[in-house]
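Peer 1: Here you go, sequence then predicted model.
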Amino acid sequence: MKKAGLIICLLLLIGCKSKNISRDTEDLKIKKISGSEINANQQQKAYELGKRVLETCNTSKFKPFNETEVTSSVRENTTEERLTKTCQKFRQYYGSFIDLKLDGVYKTKQEVVYRYHALYTKKVANKELRVFVNEDNLISAIKSMDWDEKFDSKLTEQ
């Protein structure tokens, strides 16, 4: 009886196929933009909004985004409560936020990504901030993560 149950389970597993999702690989490609291709106004906007988020950790005051700066999803997800929670961890581990240093600008099919090295007072801090700007010149995402030294080398492999 156990063997029959195992055989049925095995047949069910073999019979279940995962769906193939067709994706245009162009949507996934990221290309580095040269300095002459960078929109200076867009770069300044990305810098100022990214810096505004991280400076909240120093001042504990956040000026909310408006509809001309960011998408509605970013506005909804970037609340003072969420920032306060994140800032508590950041200040404890990395110290006070100093500034953002632009490391590169990248383009996908639908967005421009500004990659900043976030500078903090403690030397152990090795963080990056990525600011995503959509086709409507609105910030569509802001992500903080550990610094990835091999980011550019991963692009050439694609």
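Peer 2: Looks like it arrived, so ask away. Numbering: from 1, shown residues only.

Peer 1: hey, let's count contacts and neighbours off CA atoms from now on
Peer 2: Fine.

Peer 1: those strands in this protein, which residues are they?
Peer 2: Using DSSP state E, the strands found in the chain span residues 31-32, 97-107, 111-120, 127-134, 139-146.

Peer 1: So which of these is nearest residue 85?
Peer 2: Of all these, strand 139-146 sits nearest to residue 85, with 13.7 Å by C-alpha to C-alpha.

Peer 1: Which single helix of the chain contains the most residues?
Peer 2: helix 40-59 (DSSP state H).

Peer 1: Any idea which residue is closest to the centre of the chain?
Peer 2: If you average the C-alpha coordinates of the chain and look for the closest C-alpha using C-alpha atoms, centre = their mean, you land on residue 143, 3.2 Å from that point.

Peer 1: what about the nearest residue to it once chain neighbours are set aside, how many residues close to it?
Peer 2: For residue 143, ignoring the flanking residues on the chain, the nearest one in space by C-alpha to C-alpha, 6 or more residues apart in numbering is residue 130 at 5.1 Å. With neighbours defined by other C-alpha atoms under 10 Å, the count for residue 130 comes to 22.

Peer 1: Same check on residue 145?
Peer 2: 12.

Peer 1: try the one 4 residues further on
Peer 2: The burial metric for residue 149, expressed as a neighbour count using other C-alpha under 10 Å, is 9.

Peer 1: what's the pLDDT at it?
Peer 2: According to the model's per-residue confidence, residue 149 sits at a pLDDT of 83.

Peer 1: What count of nearby residues applies to residue 126?
Peer 2: Neighbours around residue 126, by other C-alpha under 10 Å: 16.

Peer 1: ok, and the closest non-adjacent residue to it?
Peer 2: Counting by C-alpha to C-alpha, 6+ apart, the nearest residue to residue 126 once its immediate chain neighbours are dropped is residue 147, at 5.4 Å.

Peer 1: Hmm, that neighbour is touching residue 130, no?
Peer 2: No - applying C-alpha atoms under 8 Å, one finds residue 147 not in contact with residue 130, separated by 10.4 Å.

Peer 1: where does the protein dip in pLDDT?
Peer 2: Low-confidence regions of the chain, defined by pLDDT under 70, span residues 1-28, 153-154, 156-158.

Peer 1: now the closest residue to residue 69 other than its chain neighbours: how far from residue 132?
Peer 2: Nearest in space to residue 69, with sequence neighbours left out and distances taken as C-alpha to C-alpha, 6+ apart, is residue 138 at 5.4 Å. Using C-alpha to C-alpha, to the nearest Å, we find residue 138 at a distance of 8 Å from residue 132.
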